[in-house]
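Engineer: A structural model of the following input is requested.
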Amino acid sequence: MYWFRSILKPRTAILLALVGLCRPAMAQQVSFALLPPRTAEPSPIVKVKPVQTDNPPEAPREHRFWDRQNSLLFATSAAFSAGDFVVTRDNLRSGGHELNPVVGVFGHSSAGLAMNFAGETAGVVALSYFFHRTGHHKLERAVSMLNTGASASAVTFGLAHR
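Structural biologist: Numbering: from 1, shown residues only. Next up is the predicted model:
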């Protein structure tokens, strides 16, 4: 517990010093009561012509959730999750240990591991669907890409440390 206090003290002192130094800077604002009043001048009259458009601008075309790109991303994500399952199970059977604490809870049986990786894949699809429904289409695809990268790196690490 002593090490936690020794880490916390310098950070707290620095934070308090920064807050203390910012206070005089905030006090330097000009009061609006001291500014001279502006004279009221009438605005010039400008004739505005209505804009005639032949074609309204096209709204961004929304794609279907199960389009070709998402299907490929989900298939790739599921394939790397399956590979991660196989490598993790083999490493655990040969006496290795799981580095991910969440997977470590399920790592005592093959069924638990399979349930974990299937749930991970289902979670990726569900989160992507949520982003699709809320209009965040770049995030929709980024979720599967991120999971694919994480699973690929886990497979690579697991194979390298057999």
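Engineer: Okay, buried residues for stretch 112-123 please.
Structural biologist: Residues 113, 116, 117, 120, 121 are the ones in stretch 112-123 that count as buried (16 or more other C-beta atoms under 10 Å). Placement of C-beta: from N, CA and C, glycine included.
Engineer: Next step: these restricted to helices.
Structural biologist: 113, 116, 117, 120, 121 (DSSP state H).
Engineer: ok, the residues you listed vs residue 102, which is closest?
Structural biologist: residue 116 (7.5 Å; C-beta to C-beta).
Engineer: shouldn't that closest one be in contact with residue 106?
Structural biologist: Yes: Residue 116 lies in contact with residue 106 (C-beta atoms under 8 Å); the separation is 4.1 Å.
Engineer: Nearest residue to residue 87 in space, please, no chain neighbours.
Structural biologist: Counting by C-beta to C-beta, 6 or more residues apart in numbering, residue 87 lies nearest to residue 158, which is 3.8 Å off, once chain neighbours are set aside.
Engineer: Count the residues that sit near that neighbour.
Structural biologist: Neighbourhood size, residue 158 [other C-beta atoms under 10 Å]: 21.
Engineer: What residues does it make contact with?
Structural biologist: 84, 87, 88, 90, 91 (C-beta atoms under 8 Å, 6 or more residues apart in numbering).
Engineer: Same check on residue 63?
Structural biologist: residue 137.
Engineer: Helix or strand for it, just tell me which one.
Structural biologist: Secondary structure assignment for residue 63, by DSSP states H and E: no helix or strand.
Engineer: re earlier: and the contacts of residue 158, which are buried?
Structural biologist: Buried among the contacts of residue 158 (16+ other C-beta under 10 Å): 84, 87, 88, 91.
Engineer: If we only consider those, which is nearest to residue 142?
Structural biologist: residue 84 (19.2 Å).
Engineer: sec struct for that closest one, please.
Structural biologist: Of the three states, residue 84 takes helix according to DSSP: H, G, I helix; E, B strand; the rest coil.
Engineer: what separates it from residue 158, distance-wise?
Structural biologist: 7 Å (C-beta to C-beta, to the nearest Å).
Engineer: show me what contacts the closest residue to residue 114 other than its chain neighbours?
Structural biologist: Nearest non-adjacent residue to residue 114, counting by C-beta to C-beta, 6+ apart: residue 85, 6.2 Å away. By C-beta under 8 Å, 6+ apart, residue 85 lies in contact with 113, 114, 117.
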